[in-house]
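*Asks:* Have a look at this prediction, sequence included:
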Amino acid sequence: MKTKNLLSIYLFLIATAAYSTSWTIVNTNFAFTPAAVTISQGDTVVFSLGEIHNAVEVSEATWNANGNTALAGGFETPFGGGLVIPANLLAGVHYYVCDPHASSGMKGIITVNSSNYIADYKQAVIFSVYPNPAGSMMSVKVDRTLPGGEYRITDVTGRIVATGFIRNEVTTIDMARVPPGDYFFGIAGLRSKAIKIIKY
């Protein structure tokens, strides 16, 4: 019985991990980019920062005052950034600052929407992209039609470089204006894990 329970928990964790998203926040000089993100419960956030910057969770009052007193039990990354795991990103609003530059207004917000993993898993749409690496054109295939389903292509910093809509089971995307490099392809509003793509 104990083995069955452990197996069930393990399979549940695999399923939820497969439908989580990783978000990247960088610094542009003395500002977080993006300064505000809305994510789903179970997602992770990666801070990729310069060596003089960190990210420390603070209370709303401290955030409004451009202070840097750490919130008890809140997340904190070392200088240069780091990973914030889902256990530190419960549903709600998380206010954070760069400790040494909070007084200059270097701060951000992470809003975490609550999520029902089982419902998300059942509703998730599996998709694939090809060819990958892609040239001037790329196709997206979903397991069912998604009228009005929006896709987005983001670079490694999380900046959106292309968006559009999936209207059929197979949608062709013009990649000619996307510069060569590494990107992530995802479908907005779904818990499907973003797919890494390469444009040559």
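*Replies:* Received it, and whenever you're ready, just let me know what you need.
*Asks:* Low-confidence stretches in the protein?
*Replies:* Flagging of the chain using pLDDT under 70 yields the residue ranges 1-20, 115-125, 144-148, 188-193.
*Asks:* how does it divide up, domain by domain?
*Replies:* The chain breaks down into these domains under automatic domain parsing: 2-113, 124-199.
*Asks:* Could you export these to a markdown table, including columns for mean neighbour count?
*Replies:* For the C-beta atoms, the positions are set from N, CA and C on the backbone; glycine is no exception. A markdown table is the format used below for the domains of the chain (neighbours: other CB atoms under 10 Å):
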| stretch | mean neighbour count |
| --- | --- |
| domain 2-113 | 16 |
| domain 124-199 | 15 |
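*Asks:* Okay, and the residue nearest to V156 when sequence neighbours are not counted sits in which element?
*Replies:* If the residues on either side of it in the chain are set aside, V156 comes closest to D182, at 5.8 Å by CB to CB, 6 or more residues apart in numbering. Element membership of D182 [criterion: DSSP states H and E] is strand 181-187.
*Asks:* Please apply the same query to A61.
*Replies:* Using DSSP H and E, A61 falls in helix 60-64.
*Asks:* Distance from that helix to the middle of the chain?
*Replies:* Distance of helix 60-64 from the chain centroid (CA atoms, centre = their mean, to the nearest Å) equals 24 Å.
*Asks:* tell me the helices in this structure, going along the chain?
*Replies:* 2-18, 60-64, 117-123 (DSSP state H).
*Asks:* just checking, what packs against the second one?
*Replies:* Just to be clear, that refers to helix 60-64. Counting contacts by 3 or more CB pairs under 8 Å, 6 or more residues apart in numbering; DSSP states H and E, helix 60-64 packs against strand 92-97.
*Asks:* mind listing what the strand it packs on pairs with, with the direction of each?
*Replies:* strand 56-58 (antiparallel), strand 107-113 (antiparallel) (DSSP bridges).
*Asks:* export the ones you listed to CSV and tack on distance to A162?
*Replies:* Shown next, in CSV, are the strands paired with strand 92-97 (distance: least, CB to CB, whole Å):
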stretch, distance to A162
strand 56-58, 32
strand 107-113, 24
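*Asks:* Could you say which one of those comes nearest to I39?
*Replies:* Closest to I39 of the strands paired with strand 92-97, according to CB to CB: strand 107-113, at 5.7 Å.
*Asks:* Can you tell me the closest non-neighbouring residue to the residue nearest the centre of the chain?
*Replies:* Residue closest to the average C-alpha location in the chain (CA atoms, centre = their mean): W23, at 2.6 Å. What sits nearest to W23 in space, not counting adjacent residues and going by CB to CB, 6+ apart, is V45, at 4.9 Å.
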